[in-house]
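Participant: show me the folded form of this:
(4 chains)
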There are 2 protein chains.
Amino acid sequence: MKKDATTEEKIKAAAKEVFLAKGFAGCSSREIAKAAGENVALVNYYFRSKGQLFELIFKSAMEDFLLSMIHVFNSEQSLEQKMRIFIEREFEFLTKHPELPSFIINEMNREEGCAVGEHTIHFEKIAETGIFNECIKAQQEGTMREINLISVIMLIMSNCQYPTMAKNLMKNIHQLTDEEYTLQLKTHQSHVTEMLVNYLFPKNNSTK
Amino acid sequence: MKKDATTEEKIKAAAKEVFLAKGFAGCSSREIAKAAGENVALVNYYFRSKGQLFELIFKSAMEDFLLSMIHVFNSEQSLEQKMRIFIEREFEFLTKHPELPSFIINEMNREEGCAVGEHTIHFEKIAETGIFNECIKAQQEGTMREINLISVIMLIMSNCQYPTMAKNLMKNIHQLTDEEYTLQLKTHQSHVTEMLVNYLFPKNNSTK
DNA sequence: GCTTGTTTTAAACACTTGTTTAAAATAGTT
DNA sequence: AACTATTTTAAACAAGTGTTTAAAACAAGC
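Facilitator: So this is what the prediction gives:
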């Protein structure tokens, strides 16, 4: 946390930390205030309610989440190479922010349905990079497998996000230490990369 | 819910439903009691505390979760065929219990660390089916790719579980209806199956 | 100095939380 | 029937919840 941040920023930073770790229902306003080193009333003074503060945090988390996808797509490289780099960046990003996918999926599954319908905006930014058109073109040329683009995204997300989300589960089931799991993750990443690239860009000309 | 269940069973059933949907922090004792149609005090009368009731539910959920893996492994079939059937069963199971993976992963990530260290027991049951030895043998014979078995499990879990966990996220991002997503899931399943089988059991003899 | 407006504080609000209690209802046994 | 043990109830408990309030502290301008 920065040193001379304003009270508002301190609360926001603390809220992000606590919300991401424990979810909306898993923490209290007082906990956030304490984490920020400020009075409870200030949470409502600056953000009106716990709910509105959460909404704010959630949106920015969602933005981080989706923007982490965009950077690679604009570069000048082959689709296959882009895919390789993208997976690498994704693993890198998720190692730094392991709580993010769980957080978003959870809060998305809450009954109150967090801020539904607004996140397509960011997704359209991804579309604007032209990556989807690039895929369609590659599919017409036969260098990429005929596959629904939603499935492509799902394959990538599944294989990149799940391993970081399920860290504690996996550690427990397989009796691994933190270091062992980090190592495991590294070799897993290369499997994921090879598997996805092999499947999406088959080398022998039987695209099925 | 069954008609003439005992009060204890009614509470347990209600607790399972509510806990799975909302998590430990996301619901109250009174909510569970109301869902069971019983008095709040009975929750503590039969289960002593919300925490102990949760522990009970969590363990049985974990059991469902892991036992869903075991059934296929004993059958008499080729490894590849077993894998295909396993993935099919897994998708089938997860469609019926979509909250299960999120629930377990979440509660596993809670600070209190739910009942850590006891779940290896079930996992050992999987080992007893001999599936792991079978894999090692296949790897020696060259019919299966040289790959850490933990990675194999992770690949399967990632690709089967994530798509059901992220349903609401995906629906929102891609603006899909429930029916559209179910359809999408169906075609995704076949991609997952082909991709995993192709990667784990490569046909051309270049196992790398 | 005093007077503005903003920021921070401690205290209180009404309500929900998990849990306990003591009395009431019920079932079981002789 | 009467006595027992079990089950269920409504009420209460202290502690914690999100939020509001009214007073205090602070800063800036005159």
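Participant: quick one, domains of chain A?
Facilitator: Per automatic domain parsing, the domain ranges recorded for chain A read A:1-48, A:58-200.
Participant: need those in JSON lines with mean neighbour count, can you?
Facilitator: Glycine gets a C-beta too; all of them are placed from N, C-alpha and C. Below are the domains of chain A laid out as JSON lines (neighbours: other CB atoms under 10 Å in any protein chain shown):
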{"stretch": "domain A:1-48", "mean neighbour count": "16"}
{"stretch": "domain A:58-200", "mean neighbour count": "17"}
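Participant: and those: which comes nearest B:Arg30?
Facilitator: Nearest to B:Arg30, of all the domains of chain A, is domain A:1-48, at 14.9 Å by CB to CB.
Participant: can that closest one be found next to DNA strand D?
Facilitator: Yes: legend: contact between domain A:1-48 and DNA strand D by CB under 7 Å from any atom of the strand is shown at A:27-31, A:40-41, A:43-45, A:48.
Participant: near DNA strand D, which residues of chain A?
Facilitator: Residues of chain A lying near DNA strand D (CB under 7 Å from any atom of the strand): A:27-31, A:40-41, A:43-45, A:48-51.
Participant: same list (the domains of chain A) but as TSV, adding mean pLDDT and distance to B:Glu179.
Facilitator: Below are these laid out as TSV (pLDDT from 0 to 100; distance: least, CB to CB, whole Å):
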stretch	mean pLDDT	distance to B:Glu179
domain A:1-48	91	29
domain A:58-200	89	14
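Participant: DNA strand C is nearest to which of those?
Facilitator: domain A:1-48 (3.5 Å; CB to the nearest atom of the strand).
Participant: circling back to that earlier point, could you tell me which of the residues of domain A:1-48 next to DNA strand D belong to helices?
Facilitator: Taking DSSP state H, the ones among these that sit in helices are A:29-31, A:40-41, A:43-45.
Participant: okay if I get those residues as a markdown table plus distance to A:Leu176?
Facilitator: What follows is these, written out as a markdown table (distance: CB to CB, whole Å):
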| residue | distance to A:Leu176 |
| --- | --- |
| A:Ser29 | 37 |
| A:Arg30 | 36 |
| A:Glu31 | 30 |
| A:Val40 | 40 |
| A:Ala41 | 45 |
| A:Val43 | 39 |
| A:Asn44 | 43 |
| A:Tyr45 | 45 |
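Participant: which pair in the residues you listed spans the largest distance?
Facilitator: Greatest spatial distance among these (CB to CB): A:Glu31 and A:Tyr45, at 17.0 Å.
Participant: can you tell me the SS state at the nearest residue in space to A:Pro202 that is not next to it in sequence?
Facilitator: Once flanking residues are discounted, A:Pro202 sits nearest to A:Arg145: 6.0 Å by CB to CB, 6 or more residues apart in numbering or on different chains. Using DSSP: H, G, I helix; E, B strand; the rest coil, the structure places A:Arg145 in coil.
Participant: can the residues of chain A next to DNA strand D go into a markdown table with extra columns for distance to DNA strand C?
Facilitator: Listed next are those as a markdown table, based on distance: CB to the nearest atom of the strand, whole Å:
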| residue | distance to DNA strand C |
| --- | --- |
| A:Cys27 | 14 |
| A:Ser28 | 11 |
| A:Ser29 | 10 |
| A:Arg30 | 9 |
| A:Glu31 | 14 |
| A:Val40 | 6 |
| A:Ala41 | 4 |
| A:Val43 | 9 |
| A:Asn44 | 9 |
| A:Tyr45 | 5 |
| A:Arg48 | 13 |
| A:Ser49 | 14 |
| A:Lys50 | 13 |
| A:Gly51 | 15 |
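Participant: wait, which of the residues you listed is closest to B:Lys171?
Facilitator: A:Gly51 (22.6 Å).
Participant: pLDDT at the closest one, what is it?
Facilitator: A:Gly51 is assigned a pLDDT of 95 by the prediction.
Participant: touching the helix or strand where it lies from outside, list them.
Facilitator: In the assignment (DSSP states H and E), A:Gly51 maps to helix A:50-73. For helix A:50-73, contacts defined as CB atoms under 8 Å, 6 or more residues apart in numbering or on different chains pick out A:11-12, A:15-16, A:19-20, A:24, A:29, A:32, A:43-44, A:47, A:82, A:85-86, A:89-90, A:93, A:97, A:100-101, A:103-104, A:107, A:114-115, A:118-119, A:122-123, A:125-126, A:129-131.
Participant: what sits against the closest residue in space to A:Gly23 that isn't next to it in sequence?
Facilitator: Nearest residue to A:Gly23, sequence neighbours excluded (CB to CB, 6+ apart): A:Asn106, at 5.8 Å. Shown in contact with A:Asn106 (CB under 8 Å, 6+ apart): A:23, B:23, B:102, B:106.
Participant: helix, strand or coil for the last one?
Facilitator: Spelled out, that is B:Asn106. Reduced to three states with three-state DSSP, the structure at B:Asn106 is helix.
Participant: so what's A:Thr7 up against?
Facilitator: A:36, A:38, A:42, A:46.
Participant: ok, these vs A:Thr187, which is closest?
Facilitator: Within those, the smallest distance to A:Thr187 is 39.7 Å, found for A:Ala36 (CB to CB).
Participant: surely that closest one meets A:Ala13?
Facilitator: Yes: using CB atoms under 8 Å, A:Ala36 is in contact with A:Ala13, at 7.2 Å.
Participant: now the helices: where do they sit in chain A?
Facilitator: Using DSSP H, helices in chain A cover A:7-22, A:29-36, A:40-47, A:50-73, A:79-96, A:99-109, A:120-128, A:131-141, A:149-165, A:167-174, A:178-200.
Participant: right, I'll call it a day here.
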